[in-house]
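Engineer: Predicted model and sequence follow; I will ask about them next.
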Amino acid sequence: MARVYRLAGALLAETGGSHYLVGNPKRPCRWSDVGFVDPGLIDATARPYVALTPNGAPRLQGPHLVVRLEGEALAQAVASRLLISRNGSVSERLWTLVVGDDDAREEIPAQWLLDMPESVWDVVRDAVLRCV
């Protein structure tokens, strides 16, 4: 099973020993503190995800999504579902829709997000992101 965590306001997809940073970080991150080599400048509008290189054992914690999709396809899918394309940032509204507001859960089953037809998710996405 793959997992998707929040990391510095972006997302971190952990899949089969590989790690992908999805989206632009929203706050500074000391990469070595969480077990990765600094990926350098990130521009998620040009490339929505980048592979991270572990520096020791990655230290990931907190609530996270659990899905069956593995590999780079996971990073692609998460980016297409949860990033705002114009700025490469994770949508807090979409993230909250997926995880809910129950902070007590560590593992959040989220295969439904990836199984949902893209055309249906686009309707949900547009409604959630629409300025009111």
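Structural biologist: It's in.

Engineer: C-alpha only now, for contacts and for neighbours.
Structural biologist: Noted.

Engineer: buried set for stretch 28-47?
Structural biologist: Neighbour counts over stretch 28-47 (16 or more other CA atoms under 10 Å) mark W31, V34, G35, F36, I42, D43, A44, T45 as buried.

Engineer: Which pair in these has the greatest spatial separation?
Structural biologist: Across the buried residues of stretch 28-47, the longest distance by CA to CA is 24.9 Å; it joins G35 and T45.

Engineer: Quick one: residues contacting L82.
Structural biologist: By CA atoms under 8 Å, 6 or more residues apart in numbering, L82 lies in contact with V90, S91, L94, W95.

Engineer: ok, and the most crowded of those?
Structural biologist: Greatest neighbour count in those, by other CA atoms under 10 Å, goes to V90: 25 neighbours.

Engineer: Quick check: bridge partners of it?
Structural biologist: L83 (DSSP bridges).

Engineer: Quickly note the distance from it to L83.
Structural biologist: Distance from V90 to L83, counting by CA to CA, to the nearest Å: 5 Å.

Engineer: do the same with V99
Structural biologist: Counting by CA to CA - V99 and L83 are separated by 15 Å.

Engineer: Give me the more crowded residue out of these two.
Structural biologist: Neighbour count, other CA under 10 Å: between V99 and L83, L83 has more, with 24 against 17.
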